[in-house]
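Student: build the 3D model from these lines:
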Amino acid sequence: MKKIRHKKICGLFNLVEVTMAIGIVGIGVVSVMALIQSGIQSSRNSVGDNYAPDIAEQFISYITLEANKKNDWYSSADGDTGDVNSDDEGIICELSTTKPTADDISYTTGNQWTVVKDSDNNDTNIYTSPDDGIFKVAQQTTIDGNNVVDFAAIVRIWKSKIENLYVSGVNNAEVPYKYGVALHVEVSWPVTVSYDRRQKRYYYIELFNDDPQ
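Tutor: Numbers count the residues shown, from 1 in each chain. So this is what the prediction gives:
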């Protein structure tokens, strides 16, 4: 009679080993997914950091142009006198001396943004809102005749007087709005989330009137 020999089978895993392997793989997958999410967020922030200075510079140029159209460098509320009609005030006169706090999300849902036209009556990428000092800027690319928004941000802007200057023999002088204005500009994004969840960048610039009257 032949004896049947049972060969020992090697290389198989028991249930405990399989469970441990699955757990290790799961931890690795979760870690990789977390890194991907972090990378996506970093990429978004990088895009915003690239666009934000351009938006601030473009917007300040827009403010300066609008101010010079009406010689809009006065504010009767601060005791400065000028020829600006109270019913037809320019953009600087309309700006608040405190940061605008209105909820701009409602402007999007209510379709309350109004596009600014250029001198040829063409649409620009700047939009005004129902509240003074809150604007939207949309950087766009034209593809096959259609405008595609690459990046959009909300701009909050307010004014203050220029201080701590040496003017006509006076140190730490305060400059009347007739001669200049300090602009505070905040760029926040993405526009589709609430204000407290956005990335924000802050800019400050002093503008002076080239032709005070």
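Student: hey, let's count contacts and neighbours off CA atoms from now on
Tutor: Will do.
Student: now the phi/psi pair for Gln112, please.
Tutor: As for Gln112, its main-chain torsions (degrees, to the nearest 10) stand at phi -110, psi 10.
Student: do the same with Gly23
Tutor: Comment: the main-chain dihedrals of Gly23 come out as phi -60, psi -40, following degrees, to the nearest 10.
Student: could you pull out the buried residues of stretch 147-161?
Tutor: Within stretch 147-161, the residues that qualify as buried are Phe151, Ala152, Ala153, Ile154, Val155, Arg156, Ile157, Trp158, Lys159, Ser160, Lys161, counting by 16 or more other CA atoms under 10 Å.
Student: and those residues, which two are furthest apart?
Tutor: Based on CA to CA, the longest span within the buried residues of stretch 147-161 runs between Phe151 and Lys161 and measures 31.8 Å.
Student: and the strands in the protein, which stretches?
Tutor: With DSSP state E as the definition, the chain shows strands at residue ranges 114-117, 123-128, 134-143, 146-160, 162-167, 170-175, 180-189, 199-208.
Student: and the ones you listed: which comes nearest Leu15?
Tutor: Proximity to Leu15, assessed across the strands of the chain by CA to CA, is greatest for strand 199-208 (48.3 Å).
Student: mind listing what's buried along that closest one?
Tutor: For strand 199-208, using 16+ other CA under 10 Å, the buried residues are Gln199, Lys200, Arg201, Leu207, Phe208.
Student: for that strand, list the C-alpha coordinates in CSV.
Tutor: As requested, the backbone C-alpha atoms of strand 199-208 are provided in CSV (Å, rounded to 0.1, in the frame of the first residue of the first chain):
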residue,chain,number,x,y,z
GLN,A,199,-9.2,83.7,1.9
LYS,A,200,-8.5,87.4,2.3
ARG,A,201,-5.8,89.8,1.3
TYR,A,202,-5.5,93.4,2.4
TYR,A,203,-4.0,96.4,0.5
TYR,A,204,-3.5,100.0,1.3
ILE,A,205,-2.8,102.9,-1.0
GLU,A,206,-2.7,106.7,-0.8
LEU,A,207,-4.1,108.6,-3.8
PHE,A,208,-3.5,112.3,-4.3
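Student: helices and strands around it, which ones?
Tutor: Strand 199-208 makes packing contacts with helix 15-69, strand 180-189 when contacts are defined by 3 or more CA pairs under 8 Å, 6 or more residues apart in numbering; DSSP states H and E.
Student: can you redo these as JSON lines with mean neighbour count, mean pLDDT and distance to Glu174?
Tutor: Output for these, formatted as JSON lines (neighbours: other CA atoms under 10 Å; pLDDT from 0 to 100; distance: least, CA to CA, whole Å):
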{"stretch": "helix 15-69", "mean neighbour count": "14", "mean pLDDT": "75", "distance to Glu174": "20"}
{"stretch": "strand 180-189", "mean neighbour count": "21", "mean pLDDT": "90", "distance to Glu174": "10"}
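Student: nearest to Gly133, out of these?
Tutor: Going through the helices and strands packed on strand 199-208 one by one, with CA to CA as the measure, strand 180-189 comes closest at 9.4 Å.
Student: which residues outside that closest one are in contact with it?
Tutor: For strand 180-189, the surrounding residues in contact (CA atoms under 8 Å, 6 or more residues apart in numbering) are 48, 52, 55-56, 73, 152-162, 175, 195, 198-209.
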